[in-house]
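Engineer: sequence-free structure coming up:
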Ligand code: TYM
């Protein structure tokens, strides 16, 4: 019998700012790759989001292309998934404007990321930073995504995207699919190696706090060895052992071992041995991605061709939603 059931749709994006970290990889990219087999997937480099903080034009251009190369290097197949660069699809900015008019000032003021980022960049609290979640809602709603695979830090933004969508649907009928976050059990919140109560972030001024996806093996081992732990010297998952919990979670994501198994394997061993094992597992996990990245970066023409093809399809899909939205509001098309 023919299978006429439609595949569920997935959309997710990563900001084009700096090289992504192990947090991006374990919290998001690994799931993106796994889901690409069973769902209709759209993945984008969110370059429009990245200009909410000032970017150096030359460096920015390089970052966008590198991020696109990373998406292919993690194993996304541009023939199977739609992999594109956000600014190549003007429908994102267009829908974002429309949705701005269906979003309340108070809602945006409550966003924790806005509060944090406006503290971190107090000299440039621009309106783009404030309406950032609306552009993100537009990214998602344009493709009628059912699921959005993200790390736990994006949950609040997903909730607001749903709120905006239901408000719009409430006024005009069923226009948008209500998206659900897909947050993996493991790796949803990879923490800083230096301050394990804070999320691992590519913008951390302390480079020892994060592992970049392109860090060399020796750098990874060095950063792992200097990871903050505790004085108990026992590898076990427990409240108050933030550093070890984080390393266990990273190790579990890279090896597939359960916490019980890890505790057994490292019973009676010190943190030095454990940190070496975690470092080695991360090196092995990232090695094939780094090798592919080096290959792709030798052929920027190929990368741009893939990005352009992806954008062409993305423009077609997103225009359908945009037309529907504009008609509903009453614009003349
Ligand atoms: P960004 O670029 O900060 O991160 C990309 C993805 O990586 C996840 N992530 C983490 N997961 C676990 N532990 C960490 N330490 C960690 N750090 C980052 C993020 O949760 C995210 O899934 N606003 C988004 C980009 C975006 C987007 C979208 C996402 C723009 N439009 C539409 C989904 C749908 C962001 O800044 O992610």
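Structural biologist: Thanks, I have it. Computed from a predicted model, the values in this text were never measured in an experiment. Numbers count the residues shown, from 1 in each chain.
Engineer: now the residue in the stretch 201-333 of the chain that the ligand sits nearest to. Its backbone dihedrals?
Structural biologist: Shortest the stretch 201-333 of the chain-to-the ligand distance, computed as Cβ to the nearest ligand atom: residue-wise this is residue 201, at 6.2 Å. Where C-beta positions appear, they are placed from N, C-alpha and C, glycine not excepted. Main-chain dihedrals, residue 201, degrees, to the nearest 10: phi -140, psi 140.
Engineer: which bits of the stretch 51-200 of the chain sit near the ligand?
Structural biologist: 136, 139-140, 148, 150-151, 153-154, 187-190, 199-200 (Cβ under 6 Å from any ligand atom).
Engineer: please list only the buried members of these.
Structural biologist: 136, 139-140, 148, 150-151, 153-154, 187-190, 199-200 (16 or more other Cβ atoms under 10 Å).
Engineer: show me the helices in the stretch 201-333 of the chain, by range?
Structural biologist: Remark: helices assigned in the stretch 201-333 of the chain by DSSP state H, counting those that start in this stretch are 217-225, 242-255, 259-265, 271-297, 300-329.
Engineer: ok, now which ones touch residue 160?
Structural biologist: Residue 160 makes contacts with 103, 107-108, 111, 133, 137, as judged by Cβ atoms under 8 Å, 6 or more residues apart in numbering.
Engineer: list the helices and strands the helix or strand of the chain with the lowest mean pLDDT packs on?
Structural biologist: Ranking every helix and strand in the chain by mean pLDDT, DSSP states H and E puts helix 112-120 at the bottom, with a mean of 90. In terms of contacts (3 or more Cβ pairs under 8 Å, 6 or more residues apart in numbering; DSSP states H and E), helix 112-120 is packed against helix 127-142, helix 155-172.
Engineer: in TSV, list those along with mean pLDDT.
Structural biologist: Below are the helices and strands packed on helix 112-120 laid out as TSV (pLDDT from 0 to 100):
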stretch	mean pLDDT
helix 127-142	97
helix 155-172	98
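Engineer: deepest of these, which one?
Structural biologist: Neighbour counts (mean count of other Cβ atoms under 10 Å) averaged over each of the helices and strands packed on helix 112-120 peak at helix 127-142, with a mean of 23.
Engineer: coming back round to it: let's have the helices of the stretch 201-333 of the chain in TSV, adding mean neighbour count and mean pLDDT.
Structural biologist: Below are these laid out as TSV (neighbours: other Cβ atoms under 10 Å; pLDDT from 0 to 100):
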stretch	mean neighbour count	mean pLDDT
helix 217-225	17	98
helix 242-255	22	97
helix 259-265	14	97
helix 271-297	18	98
helix 300-329	16	98
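Engineer: want to try JSON lines for those helices, with distance to the ligand as columns?
Structural biologist: As requested, these are arranged in JSON lines below (distance: least, Cβ to the nearest ligand atom, whole Å):
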{"stretch": "helix 217-225", "distance to the ligand": "14"}
{"stretch": "helix 242-255", "distance to the ligand": "10"}
{"stretch": "helix 259-265", "distance to the ligand": "18"}
{"stretch": "helix 271-297", "distance to the ligand": "14"}
{"stretch": "helix 300-329", "distance to the ligand": "13"}
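Engineer: what comes into contact with stretch 103-116?
Structural biologist: By Cβ under 8 Å, 6+ apart, the surrounding residues in contact with stretch 103-116 are 129-134, 137, 153, 156-157, 160, 163-164.
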